Every structure is written in C-alpha cells, then in structure tokens.
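A.B. asks: using only what follows, build the 3D model:
(2 chains)
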Amino acid sequence: MKVAVFDIKADFGFFGKFYSTSSPITYPFPPFPTIQGMVGAILGLDKKEYLDVLEYGKFRAGIRILTPVKKIRMGINHIDTKEGRWQPIKTKNRQPRTQMRFELLKDPCFRIYATHTSTNVFQKLVEFLREHKSFFTLSMGLSEFLADFEFVGVFEAFEKDMPDDYVSLCTPIPLSYLDSKADTPLRIEAGKSYFKERMPLYMLRTREVVKYEDVIFEPTGKELLARPSSYVEVQNGENILLF
Amino acid sequence: MIEAVAELGRFVLEGKSKSVSQEGSSSDVLSNNLSSFLSRIESEKILFILLNQNQGKFEYCGLELQDPMESRTQFYLFSQGAKGGGTNFSPTCTLVKPKATKNMSEAQIKDNIKSQVEKTFQQKVENWFSNKAQPLAKKFSKLKILTQSDADFIEKITQTIKEQRKRIIDDISQTIYDIELKKGNSILLSFLINGKYIGEYEIFKLFLLELIKEKNQRSSSQDKTCSLCKQKRENVSGMVNVFKFYTIDKPGFIKGGFSPENAWKNFPVCSSCHTHLSRSRKYLEQNLQFKFYNFRYLLIPKFTLGFDSEYAEILDILEKTQKDIRLGERKLEHITDDENEILEIVSEFNDSMSVTFLFLTTQMGAERIVLLIEDVFPSHLKNIFDAKRHTEKKFRKLFDNPDIDFTFQQIKYFFSKSNRLRKKPDLDSYFLEITESIFKKKPIDFDFLLSHFCRRLQDDIVNSDLSAFYVSCSYAMEVLEFLSKLNILKLKGDEMNMPFETPFDEILNEFPVASANPAVKGIILVGALCDMLLRIQSAGLKKAPGKMPPFAKNLKGLRLKQADIISLLPKIENKLMEYSAFGKAKKLVAATASDLLLKAPADWKLSSDEVSFYFACGMNLGQKIRDLAKKLTNDIEEAEDEE
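C.D. replies: Here you go, the predicted structure:
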C-alpha cells in the first residue's frame, strides 16, 4: 500500500472534546473524523459527502505529534444565541456578545499519514498536496485557526502482524490495537509520559459516532514501545498505526 | 476525563451494590441509584410542611424547623432541576431570604419575603404536584404500576396544598423573617407527611427517577453507541449534564445542525453510565474534593490500563488516609492550603495511574472548567514534593528558621491582587497558569515572575513596610528555588555558575538565578550593605520596628537602574563612615562589591526589574553576608548596635 505523508501546522488549534460545551477544552491532536474533514477540505468534498468518500475502512489515516502539545486558555467573543436569535444591542438582561474561555493548542504541528482504497481519490490527494493546493481553506479545528500544510512524500508501506517483540510506534496507539494476549502490551519507559484520551473514531454521514476509542499517546511526540496486534511499516523507517 | 469519572462511578457503585445485594433488599439498590441523583444540601436550615392524614383527608398542621443532617439526605429527596422557573425532580426546594436594605421598613421586608416565598412555592411546589405528580400518578395507575390509593394519595396532598396555600405561605414567610440567616444562605423546604419524610415514600422516589428519565429522553435515541461505555445501548440520551459544563442551552453548542433533538449525537450516554457519572460525582465531592485557595478541585484518579483490583486498592488507601487525617492519626505534608490534601500519598503510588485536577466554578447555575490538569503522574507529584522539601531545607538553614514551610501560598502571595487597594483578586488566571505549569512541568518565564515579584516589593517599600518587604523577598527567593529545582524556570541563558570568585560565594552561589554577569553579584552585595546601613539607622533613630529608616528614600521606591546602584555604593559607604560603623567586615563587603561592579561590562544589560530584584535579594541576605564577612575578617569588635 502507498501512504501520502504531509505535515499540517498552525498558530492555534482547537479540537473540542464532546463532553464540554460551555467550557470548551481541546484534544491534543485531531481525532479521526477531523482528519477526514481536513482531507475532505483539501480535496474539495462537500460536507454531506466527505464522510462517505473518506469512510472509515476505505480511508485510513495515522497522525504523529511533531511539536510538544502546548495548551493555553484564551477568551473568544461569541454571538449570544441563547434564545435562538442574535440581538445586536445591549439590553438589561442580554448583551450582543458573550465571551467564552477556550482551551487552545498553541503552535500545533502534526504529520498525517493517509491512504485510500480508491486510487483516484489517493492520486487526487497526492496531486493536491504536491502542488500545495487546497479546494477549501484548511483550518486547525476552527475556521479562525488557518492551517498550512507541507507535502512530505508518498511512501510504500507494509502491513505487519503480531510482532514478536516491542515495536517503536510514532503515532498514538488506540487501546484496542494492542495485543490482548501480551501481558504488558505497552512498555513504560522512563522519561516518557503516557496520556490517554477518549476519542470518536468512526462517524457516519448522519454525524452519529458509532465507535469511540481510547488512545494512548506521548504528549511531546516521542515514540512509544508497544506490541500491537498489527502495525504499518513505512518505507521511510517509521512504524505507524492507521485508524 | 469524563470516561475516568464514569469508570470510577461504575467501580464505586458496583462495589456498593455487591455489599447491598448480600443483604438481599432490592429497594435498597433502587435508593442506592437514587442517591446519585440527589443534590448536595447547602442550606442552613430545613423547613418541613407538616401534613397529617385524618379521616382520609390531609390536614395542614404547621411547620417544623430542623437542622439538615448528612445522614438524612435520602429522606429529604432534594434533587435540583432547571434553575429559575422550572420545577425540581421532587417538591423539595430551596428558599432564599431576599435582600433587605437598611432603609426598608419592617413591613416592606415582610412583603418582600412573602412575594419571594409565594413565587417559589408556586413554581417549585404547586407546579410539581399539579404539572408533574398528578399526570404521573394517572399514567402509572393506568399502567398498574401504582394502585388507585397511591394516586389518591397524591391527589389529596395536591388538594390540601391548594386549599391551605395562603396559610402555608404566611407561615413560611413569618418563619423566614424570624430566622437569623447568614448572608447568602438559604432554607430548604420539604414535607413531613404523617410524620414521615417524603424520601420514605416509594411513590416520591419513583416520580423522581421517572422525571429524570423523562428529561433524558428529550434528546435520545435507540440502539446507539454510548460514548462512555463504548457499547451499543437500547437507549442513549444527549441531556446528561451531571457536570454542568455540558449544556445545550445555546443552539451553537449542538454540533451538526443546531437541533436540540440531535444533541444525543454529540454526547450520547446510556442510563447506566448516567448513574455511574452521578454516583462518581457524588463520591468525588464527598471524598476527593479539595480546597485550593479561592478555588476547589476534584481529584480524579485515572488508570492507563485499568483493573478493578487497582481501583479497590487505590481508593481504599485514599479513603483510609483521609479518615486518619480527620482523626488526627496521620499528618501529611501539604503543598496547598487544604489540611485534608492527600497529594503526598498519591505521590507514593506508581505511574500505572495518573490523576486529573478538575477546577470548577459555578456561574449562573452552570459550571465552568476554570482549569483542567490532566494526567499528572505520581512520579511528578513526588518531584514536586522533593522540590518542596529541598526548598524548605535550604531556606530553613539559610535563615535559621525551622518553621519555613513551602506551599503554593508563596506563589499565591504574588499572584492575588495587582494592587493592594483592589477588593477582589485579579491575578487568579496567572496563578492557575503557574499551577498548571508546575503540575504539567511546563517552563515558566523568569521575567514574567520578576515583574510580579518587583510589583509586590515596590508596594512594600512605598508603604514603608520593611517587615513585609523581607517576607516578600524571602517568598520570591523560595519560589525561584522551588521552580529551579523542578527544572521549569526559563532563564535568559547566561546563567550557570558565576565565574567571578568572591569571598561570599558560599552564599551567593546558592542563589537560584545566578548569572555569568559579575554585576549581579555586585548588586547583591550592595543590597546587603544597604541592609546593614538601614538596620543601623533603624536602631539608632529608634524607628518603630518594621518602618523605613531615612536612607530608604534613596532606593527610589525600588525602581533601580544601573546608574542608581553605582551611585548608591559611595552613598552607603559615606553614611556608614558617618555612623562610625564602617568596620573591617563591611569594608570587605564594599570592596568586593566595587571590585565586581568594576569588572562588569560597561552595560550590564539588566532590566530595571532585574537590578531591583537582585538588590532586594541582597538586602534579604544582608544579615547572612554580614555574619560571613565578620567571620572572614575576624571582626568581632564590630559595633552590634543594629536592630
């Protein structure tokens, strides 16, 4: 299989956690449905069709944290829509705007590994990435946080099953991908931190999430030693897990 | 974070259910689940409306005032619903004493209370019985879940409340008027029916659970995946807001179409996970909620690869430790102002678990996450405690004071108010950011700290409070030492060892923000010399202790620059000579200082804050430097007429 590798970066990023609305907090990296959206934006897929074209299973992607995750809090002005309408002038009980304190990612930079069963879609993606073209403007979660991308290359990748020993993986590890038969599928090493996040994985075009996944990652982007049930060895020497 | 909370709830609930099932009572299991949905009682008093059944009818028999008891929470059945005009999940509600101003007459205050009581009584009690209980009673009796006598029971109570409305409201208003409530406190209003609490009647419990279920079904779907247990469940709801930072009161909060009916797609939760979340929240509030200066936080344990046995062990240790602390059988070291803090015990666990600090505040009925510090590992907590101990040890030795205790108080001291005349703290966000940096091992900029240290030091000088000045200075040095030990102090880059050797290196080289620039050492020594002079002046002029001696006016409110330091040295020497106090020891300090200042480059490249801060630190170390100088010069005859 071939994987297209590209880096995305921005000054700020926000990938909201689903369980907090009035105090927006962010995931440290984009969940899989967000990566689908990003690739959809580059390819110019409509919001109604991108989840079909880039369906979980047909489209596979992995993500690597390139710069240490840095979170900051910042106030963002919103239009008050509490009663379903915007009121442009201040009255006794309502103001036209409301400020919300967002937890944001500062200087996020990720490497995306993407592959697709359809050669046409994959070729189109490679072509867009190579020419630094994007049909819709790419953003890091919110439209305010415009993102840039840089094409790294197209690499040959090989699917490997059940390694005998620990493999150094540079992408976050979904818990279900770990070898359930191994006593300690994850080797805890000194100097590394092991964080866990619950993330949506498979979202239908109706925007219903049918699969959630616990993902283990190293917040500074260091590689983790694990025994996955299967992994992908990329030609450039990196071992990755594709969602 | 939320899945860790639900997981904790599952463990707590299942552990408890097992012990209950041994007793074999199914109703207890129901009430066990029920307790998860009950709200915390924060009222000062609880007022009961007494209803007694007489010949098939209910009679209103007055009111009874009690003190709320933690053990009877289940009987009060207080479960808060929507704030404002909505009803609760039971007829129990809170009554707030309206504000009374000084120029209000007694009659006006009474009217005010009465109108408030009338409003609450109608919204929370009458509406509950007529709009919630009666329809539910009809529905359940049709479904044969309730008997006709149960439905009549509700019907009769509703009738009595309607008939006796005026008397009840008058009595409640009078009672509220009579009670001396503390400012901002409230009274809980509930019922005693035939001498029994409403929580002792199955029908009220049943209605409460049904109303919660109805609320959850407002945005729900069948056979969908629950976001917490990751399983396909018969029914999932999008209205579960156990933590009220999840609200869908604004359309913009509902992703994918702004439609409230589709809110379940955002955060689908099944009924058992809802129970787990509620139970977990209760458990966290009872056992793992701690104070942190002006804030409160929940400490949520989380396991990377979690097993029940690990949970059992960790929770047992935490609960036992807290019990021991309360009984005074164990004393742990603290890094916060909470005496019940248990972070030291957490720091002894291994890294297979981590803890999340969830700082919450309440705003207009909703909750806001002020700060979320996720995945703090015990090993890092241990580093924090090691740094604390190191700082304490060093400063206890330096200032010969065994009572020095380093906590976040030293940091809070500089990050509370930007101006002492302010009524409320305005630097909380900085304080929380520093807290996060410490727990997450993120670098903190030295210049940022310096500006806040200097603000406080300058404030003390301007207010002529020398004692506070020395306290501020010690605190600033302790904070720097602590952060430096944790390796999170971001310095300019020219620090490391001070290359210029001086006789005072055993004190100066201990300074946490050492610099290669010889001027830094020079400034510290000039500061030390200035301190010696100020103490002589204070003693000689019999100044009130802690007040500024006359020479302090030369310090320019501690806004010093390079030129100020250079001109201060001869001025200090001159004054010391005038007082005949320029002995061998002080001469050594002055000579070393001038030597260092001469060796320094023409432009020290130090900001005013830096110069002022190093000078202040020199003042703080003045006594230590004087003692060392005396020892080095054998100047035992130096006049000891200092303060």
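A.B. asks: on contacts alone, who are the packing partners of the least confident helix or strand in chain A by mean pLDDT?
C.D. replies: The weakest-scoring helix or strand in chain A, judged by mean pLDDT, DSSP states H and E, is strand A:186-187 (a mean of 82). Packing contacts for strand A:186-187, counted by 3 or more Cβ pairs under 8 Å, 6 or more residues apart in numbering or on different chains; DSSP states H and E, involve strand A:224-226. The C-beta positions use only the backbone N, C-alpha and C, and glycine is treated the same way.
A.B. asks: tell me the strands beside the strand it packs on, with direction?
C.D. replies: strand A:167-169 (antiparallel), strand A:186-187 (antiparallel) (DSSP bridges).
A.B. asks: can you lay out the ones you listed as a markdown table showing mean neighbour count?
C.D. replies: As requested, the strands paired with strand A:224-226 are exported to a markdown table (neighbours: other Cβ atoms under 10 Å in any protein chain shown):
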| stretch | mean neighbour count |
| --- | --- |
| strand A:167-169 | 18 |
| strand A:186-187 | 17 |
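A.B. asks: the ones you listed into CSV, with extra columns for distance to residue B:335?
C.D. replies: Output for the strands paired with strand A:224-226, formatted as CSV (distance: least, Cβ to Cβ, whole Å):
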stretch, distance to residue B:335
strand A:167-169, 35
strand A:186-187, 30
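A.B. asks: where along the stretch 351-500 of chain B do the strands fall?
C.D. replies: Per DSSP state E, counting those that start in this stretch, the stretch 351-500 of chain B carries strands over the ranges B:353-363, B:366-376, B:444-445, B:489-490.
A.B. asks: most packed of those?
C.D. replies: Among the strands of the stretch 351-500 of chain B, ranked by average contacts under mean count of other Cβ atoms under 10 Å in any protein chain shown, first place goes to strand B:366-376 (a mean of 21).
A.B. asks: so that strand versus strand B:353-363, what angle?
C.D. replies: Note on geometry: by axes from the mean of the first three to the mean of the last three Cα atoms, to 10 degrees, strand B:366-376 and strand B:353-363 are set 160 degrees apart in direction.
A.B. asks: and strand B:366-376, anywhere near chain A?
C.D. replies: Yes - if you take Cβ under 8 Å from any Cβ of the partner chain as the test, strand B:366-376 does meet chain A, through B:366-369, B:371-372, B:374-375.
A.B. asks: tell me the one of these nearest residue B:455?
C.D. replies: Closest approach between the residues of strand B:366-376 next to chain A and residue B:455, by Cβ to Cβ: residue B:371, at 23.2 Å.
A.B. asks: in contact with that closest one, which residues are there?
C.D. replies: A:73, B:295, B:297, B:357, B:359, B:432, B:435-436 (Cβ atoms under 8 Å, 6 or more residues apart in numbering or on different chains).
A.B. asks: any chance of CSV for those residues, columns distance to residue B:154 and pLDDT?
C.D. replies: Shown next, in CSV, are the contacts of residue B:371 (distance: Cβ to Cβ, whole Å; pLDDT from 0 to 100):
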residue, distance to residue B:154, pLDDT
A:73, 49, 87
B:295, 43, 87
B:297, 42, 89
B:357, 45, 90
B:359, 43, 90
B:432, 49, 89
B:435, 51, 91
B:436, 51, 89
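A.B. asks: quick one: which two of those residues are the most distant?
C.D. replies: A:73 and B:297 (15.8 Å).
A.B. asks: higher neighbour count, the two?
C.D. replies: residue B:297 (23 against 19; other Cβ atoms under 10 Å in any protein chain shown).
A.B. asks: which residues does the residue lying closest to residue B:349 once chain neighbours are set aside contact?
C.D. replies: Spatially, and ignoring its direct neighbours in sequence, residue B:349 is nearest to residue B:378 (4.3 Å; Cβ to Cβ, 6 or more residues apart in numbering or on different chains). By Cβ under 8 Å, 6+ apart, the residues touching residue B:378 are B:346-351, B:353-355.
A.B. asks: can you tell me the closest non-neighbouring residue to residue 121?
C.D. replies: Going with chain A. residue A:53 (6.5 Å).
A.B. asks: to clarify, I was referring to chain B.
C.D. replies: Among residues not flanking residue B:121 along the chain, residue B:169 sits closest, at 5.7 Å (Cβ to Cβ, 6+ apart).
A.B. asks: in contact with the closest residue to residue A:238 other than its chain neighbours, which residues?
C.D. replies: Once flanking residues are discounted, residue A:238 sits nearest to residue A:170: 5.2 Å by Cβ to Cβ, 6+ apart. The contact partners of residue A:170, taken as Cβ under 8 Å, 6+ apart, are A:64, A:221, A:223, A:238-240.
A.B. asks: all helices of the stretch 451-600 of chain B, in order?
C.D. replies: B:466-485, B:505-508, B:518-540, B:562-578, B:584-599 (DSSP state H, counting those that start in this stretch).
A.B. asks: next one: the least confident helix or strand of chain A to chain centre, how far?
C.D. replies: With Cα atoms, centre = their mean, to the nearest Å as the basis, strand A:186-187 stands 23 Å off its chain's centre.
A.B. asks: what's in contact with that strand?
C.D. replies: With Cβ under 8 Å, 6+ apart, strand A:186-187 has contacts from A:166, A:173, A:178, A:194, A:216, A:224-227, B:304-305.
A.B. asks: same thing but at 7 Å, please
C.D. replies: By Cβ atoms under 7 Å, 6 or more residues apart in numbering or on different chains, the residues outside strand A:186-187 that reach it are A:166, A:178, A:216, A:224-226.
A.B. asks: who in chain A is up against chain B?
C.D. replies: Residues of chain A lying near chain B by Cβ under 7 Å from any Cβ of the partner chain: A:18-23, A:25, A:81-82, A:84, A:188, A:193-196, A:198, A:207-212, A:216.
A.B. asks: just the buried members of the residues you listed?
C.D. replies: A:18-23, A:25, A:81, A:193-196, A:198, A:207-209, A:211-212, A:216 (16 or more other Cβ atoms under 10 Å in any protein chain shown).
A.B. asks: secondary structure element for residue B:613?
C.D. replies: helix B:608-620 (DSSP states H and E).
A.B. asks: buried sites along that helix?
C.D. replies: So helix B:608-620, judged by 16+ other Cβ under 10 Å, has buried residues B:609-620.
A.B. asks: alpha carbons only: can I get it in CSV?
C.D. replies: Coordinates of the C-alpha atoms in helix B:608-620 are reproduced here as CSV (Å, rounded to 0.1, in the frame of the first residue of the first chain):
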residue,chain,number,x,y,z
SER,B,608,15.2,47.7,36.0
ASP,B,609,13.2,44.8,37.4
GLU,B,610,16.3,42.6,37.5
VAL,B,611,18.5,45.2,39.1
SER,B,612,15.8,46.0,41.7
PHE,B,613,15.2,42.3,42.4
TYR,B,614,18.9,41.4,42.8
PHE,B,615,19.3,44.4,45.1
ALA,B,616,16.2,43.3,47.2
CYS,B,617,17.6,39.8,47.4
GLY,B,618,20.9,41.3,48.6
MET,B,619,19.0,43.2,51.3
ASN,B,620,17.3,40.0,52.4
